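In: dropping a prediction and its sequence here:
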Amino acid sequence: MESIYLIIPVALILTFIGIAIYLWAVNSGQYDDLERHASQTLFEDHLDRSDTDKTDQTDNSKADND
Amino acid sequence: MTRHTDCYHCGLPVTDPGRWQVTIDGCARDMCCPSCKMVAETILAGGFNEYYRLRTGTSGQAAPEQNRNSFTRYDDHLYQAEFVRATTSSQTQQDNELEAILVVEDIHCAACCWLIEQALKRLDGLSDVIVNLSTHRVTVYWQPERLLLSTIMQQLQQLGFTAAPYLPHLEQTRTESLNRQQLLRLGVAGICMMQVGMLSIALYAGAFQGIAANHEHFINKLAFFFTLPVVFFAARPFFKGALRSILVARGNLFRLGMDVPISLAIVAAFFSSVATLFTQQGEVYFDSICMFVFLLTLARYLESRARQQQDQQLYQHPVPATCELVSDQQTLTVATTELQNGNHICIKPGATIPADGIVIDGSSTVNEATFSGEQAPQHKRPGDNVYASTLNCDGSLIVEVTHCQQQSRFATINRLMENNRLERPQLTPLIDRIAGFFTFVVLCIAAATAYYWLQQGNPHWLEITLAVLVVSCPCALSLATPSSLAFCHRALRAAGLLVQSPQVIERCTSINHVVFDKTGTLTLGKPHLTQSYFFSERPDNATLELAKALENHSEHPIALAFAHIHTDLVASGVTIETGQGIEGTINQQRYRLGNAAFCATFCHQRQPDITGTNPHGSTVWLVCEQQWLACFFLADSPRPDSAAVIQQLQQQGKRISIMSGDQHDAVVQLATELGIENATANMSPEQKSAALQALQNSGEQVLMVGDGINDMPVLSRADISVAMANASDLAKIGSDSILLVESLQPLLSLFSHSEKTRKVIRQNITWAITYNFTALPLAACGLIPPWLAALGMSASSLLVTANALRLKTINMPRANTTDTTSDNNLRSPMPDRA
C-alpha cells in the first residue's frame, strides 16, 4: 500500500497540469463559442479541400491542411 | 385572402408567387424578392446546397444588392485604422497579414457559420476565417496585397449577410471577460470536485473495511490541496457577494443576501476541516465543499449565460469614419475624428453627416429619422442646422462644423443611452425580498440549532449546523424567477423581440387591449407603388424602367417605391430639384419624374386626366418633352402580416385599437382592411396619452406598439410598450421592448411565451418553498449529513434552472389556430424541406 504515497501525489500534479491547460484554453478564447461546435460534425469540409486543390499552386500554407 | 407561401430563403410571405423562383435540390422554391433570389443562386453556385438542408430556421431577408463602390470605403486606411490591425497570432507565419473582426447580425445557426467560412476561404489571399455563433462575430485574416477588405464584405453581402466592423464597447468587453472568469471558476471547481470525490470514495470504503490511520490522514491532506483552489478561486464570487450584501444591508438583517449563509457554510466547513487535519479529531468536509461550490456555480453560470442578451449592435448608427474636408478650394479626405469646430466639410448626396454643423452652401433634404423618427426628409438651406448620423438625401451641402464628433447630439444621446443602460435602477422583486427574509430566518435557526446541540453536548453540533445552513439556503427560490425570465427573454430575442424591462413578462399575461400606431407600425412606413397609369404606346415595363433609371440617382424615400424594378438603362446628366422631382437623359432623350407642376413646365402637352384619386399618398408623373408617359400612385401599404397578427390577437380575446396622427380617411380605410373597430385619427401626442389613460382608467391593461419620437409619451404611459425595429433611438430607449424584425409576428410569441413562462415561474417557486420547508426541520434534527445537504440544495437549484430551460424554445402559436388562411400567413420557424 506504500505505493499510494507515490501514485496519488503524481495524480495531484497531473490534475494541476490539467487545470493549467484548462486556464490556458479558456484564456486563449477556445471556449468563447459554446453554441456552434455541437453541430460542427454535421458539416462536410470536403468543399474546402477540393478548393485548396485548385489554389495549391498559389497558397502553400493551405496545402499543409490536406 | 389568397394562399401565401413563405420565401424559402428568409421566410417572409411571398407576395408574388412564381416571380422569383430558384430550383434547390430539384424543387422550385419561391422567393420574396430579387435579393433573396440572388443570394440563393450565389449559395447554389458555390455548391453549398447543404446550407439549406442543415440550417435551423430561416435566414435573414437579403438586402438589395449594393454596387461594388459602396464597399470601397472599407479599403480606406483611415477608416480601417479603427478596427483593422496586423495579425499577432503566431499560427500563421505570413508577414503583412491583417485581421479584423466583423459583426454579422444575421448569423442564426451553425449552417450560417459553415457557409461563411467555406465561401470566404475560397477568396484568394484570405488566410483564415473564424465565425463565432454566440457573439455573431466573424474574424478574418487576410493579406492586403492579394485581397481587399471590400471584396470580403461584398462576398458576405452576396451570401445574404450584412457585415459591419466590430468596434468594442465598454460594457460588452466587461461582460465577455466576466464570462471567461465564470467558465474558469466552473471548470476549476469541476476538476477539483472530481478529484476530491475520488479520494472520498477511498475514505468511505475505508470507513466500512477499515483503513490505516496514516493512510486516512494522507488522503485527507491531499483532499485539502484539491479544495484550496475551490475555496480561494472558484468560491470567490460568493464571498464577494456576501461582503457586498453585508455592506449594503447596513444593519437591516432582512436584506442579507443568500451569499451570506453560503459563504458562512463554506468558511465554517473549510476551517473546521483544516482544524481536524491538525488535531486529527472530528470530521472533514472537503468533498461537501467542492460539490456545493461546483453545483452552485453551475446553476449560476447557466442562469447568467441565458441572461446575457447580446444587443451590442442595436443602437450603433455608424457615423462615417471619413469625410471630405474643404480647404482652399480643394477637398481632401480626412478621418472624422480629426474634424475640428469651424472646419468646412462637403457632404455628398446619400452620405451620412459626420458632425453637427450649419449649412453654409447648397440645398438638400436630410432624413432625420435617427432623431425624430420622421421618415420624410427635411429641407435644408444655408443657415439651417444639420446633425451627425442623419442622412443627406439629394443634394450636395457644404457644412461648417459646430460640434465635432464627441460633442455632437448623436454622441450625447449615445452616451446617455449607455449610462441609462448601466444605471437602470435594479428593482428588487418581491421574491428577492422574501429570500432576504428567509436568509435571516435560516441564520437564526442555524444559530439556535448550534446552541441547542451544544447544550445537549452532542459532538456533531457543527456538522448539524452546517447542514442547516446549506440545506435551507434559499438559492432555488432566488433563481426561480430570474432564470425563467432569462430563458424566456432569450427565446423571444431569437424570435425577434428584445425585452428590455423585466416587468414585461409579468404584466403581459394580463394585457387585454393592444393599441397600434399606424404609419410604420401596421403599415410599412415606406411608399409603395399602388397604381400606375400609362399614356404612351410603349410597353408598361419599359416605362417603369425609365422611372427606375431616374430614381437610381435619388436617395429620396419615393425611390424606394421603385426599388423592386430592374433595369439596365442608365440615366446621365441627372439634376435633382429638391421637393420637385428629378430630370435626366436616357438614350438621348430628356425625361422628368416628379410632381405635376414640375412635369408641366417641361412638357407642354395637356396633362392627361386620370380616373382614380390618391388622397393619402404622393402622385408622381413621368414625362418626356413630347408627351406625358405615366402617372404613379404611391401609398403606404399595410405590412403583409398585419392582418394575420391582428386576427390572432382578436381570437385571443384582446381588443385592438389604432391611435394615429394621420388623416381620417387613411386610418379608417386601414382599420376596415384589417378588421379593427376602434380607430381614431388626427391625434396629437397629448390626445393619444389622454385616450390611453382613459382606457387604463376603465380597467384595461394596454400594450402599445409604436415608433417615432412623437409616440414617446404614449409609449411610456402604456403598461407595456413595444418600439418598432426602425423606431428612433429615443423611442427605443424609452420602451420596454423592441421588435428586431420588420414584422409584427413576435407579438404573438410574446403573448404565448409569457403565459408559459408564468407557469414555469410558479412551478419553480412552489418547488423551492416546499423543498426548503421540508428540509429545514430534518436538518435541524440532525437527520441530514452535510454532504447530503450540499447535494440536496444544489440539486434543487439545478432543478429550477433545468425547468426554466424548457423556455428556451418557442412553440409558435400556430397549433392553437383553427383558421387555415391566417395559419398559412404565419411564419413557420422550421419550414418543411421535403
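Out: Structure received.
In: I'd say B:V14 and B:R29 touch.
Out: No: if you go by C-beta atoms under 8 Å, B:V14 and B:R29 don't touch, sitting 9.7 Å apart. (Glycine included, C-beta is placed from N, CA and C.)
In: longest helix anywhere in chain A?
Out: Across chain A, the helix with the greatest residue count (assigned by DSSP state H) is helix A:4-27.
In: list the contacts of it.
Out: Helix A:4-27 is contacted by residues A:31, B:180, B:183-184, B:187-188, B:191-192, B:195, B:199, B:215, B:218-219, B:222, B:225-226, B:229 when judged by C-beta atoms under 8 Å, 6 or more residues apart in numbering or on different chains.
In: just the buried ones from these?
Out: A:31, B:183-184, B:187-188, B:191-192, B:195, B:199, B:215, B:218-219, B:222, B:225-226, B:229 (16 or more other C-beta atoms under 10 Å in any protein chain shown).
In: how many other residues sit next to B:A561?
Out: Counted by other C-beta atoms under 10 Å in any protein chain shown, the residues lying close to B:A561 total 25.
In: is B:L649 in a helix, a strand, or coil?
Out: In terms of secondary structure, B:L649 is helix; the call rests on DSSP: H, G, I helix; E, B strand; the rest coil.
In: how about the strands in the stretch 351-500 of chain B?
Out: Under the criterion DSSP state E, counting those that start in this stretch, the stretch 351-500 of chain B contains strands at B:356-361, B:364-367, B:378-380, B:385-386, B:391-392, B:397-403, B:497-499.
In: direction included, what does the fourth one pair against?
Out: Each strand pairing with strand B:385-386, determined using DSSP bridges, is listed with its direction: strand B:356-361 (antiparallel).
In: the partner strand: which residues count as buried?
Out: Applying 16+ other C-beta under 10 Å to strand B:356-361 flags B:356-357, B:359 as buried.
In: closest to chain A out of these?
Out: Nearest to chain A among those: B:D356, at 38.0 Å, using C-beta to the nearest C-beta.
In: residues contacting that closest one?
Out: Contacts for B:D356 (C-beta under 8 Å, 6+ apart) come out as B:385-388, B:401-403, B:407-410.
In: out of those residues, which one has the weakest pLDDT?
Out: Of all the contacts of B:D356, B:F410 carries the smallest pLDDT score, 72.
In: give me the nearest residue to residue 36, chain neighbours excluded.
Out: Going with chain A. Closest residue in space to A:R36, ignoring its immediate chain neighbours: B:L133 at 3.7 Å, by C-beta to C-beta, 6 or more residues apart in numbering or on different chains.
In: other chain: chain B
Out: Nearest non-adjacent residue to B:C36, counting by C-beta to C-beta, 6+ apart: B:H9, 4.1 Å away.
In: I'd assumed B:T42 was in contact with the one you found.
Out: No: using C-beta under 8 Å, B:H9 makes no contact with B:T42, being 10.8 Å away.
In: neighbour count winner among those two?
Out: Using other C-beta under 10 Å, the more surrounded residue of B:H9 and B:T42 is B:H9, with 28 against 17.
In: wait, A:F43 touches B:L54, no?
Out: Yes: counting by C-beta under 8 Å, A:F43 touches B:L54, with 6.7 Å between them.
In: what touches both of the two?
Out: Common contacts of A:F43 and B:L54, defined by C-beta under 8 Å, 6+ apart, comprise B:110-111, B:114.
In: out of those, which are close to chain A?
Out: Among the shared contacts of A:F43 and B:L54, the residues within reach of chain A (C-beta under 8 Å from any C-beta of the partner chain) are B:110-111, B:114.
In: re earlier: element containing the residue nearest to B:C36?
Out: Take DSSP states H and E as the rule and B:H9 turns out to sit in neither a helix nor a strand.
In: same check, this time on B:V722
Out: Under the criterion of DSSP H and E, B:V722 resides in strand B:720-723.
In: surely B:E50 meets B:I24?
Out: No: taking contacts as C-beta under 8 Å, B:E50 lies outside contact range of B:I24: 11.0 Å.
In: whichever residue of the stretch 501-650 of chain B sits closest to chain A - how many residues pack around it?
Out: Closest approach between the stretch 501-650 of chain B and chain A, counting by C-beta to the nearest C-beta: B:I505, at 23.5 Å. Look at B:I505: counted by other C-beta under 10 Å, it has 26 neighbours.
In: would you quantify the distance from it to B:Q648?
Out: For B:I505, the distance to B:Q648 equals 19 Å [C-beta to C-beta, to the nearest Å].
In: quick check, B:I101 in a strand?
Out: Yes: assessed by three-state DSSP, B:I101 belongs to a strand.
In: measure the closest residue in space to it that isn't next to it in sequence to chain A for me?
Out: The shortest distance from B:I101 to any non-neighbouring residue, by C-beta to C-beta, 6+ apart, is to B:Y166 (4.0 Å). Distance, B:Y166 to chain A, by C-beta to the nearest C-beta, to the nearest Å: 13 Å.
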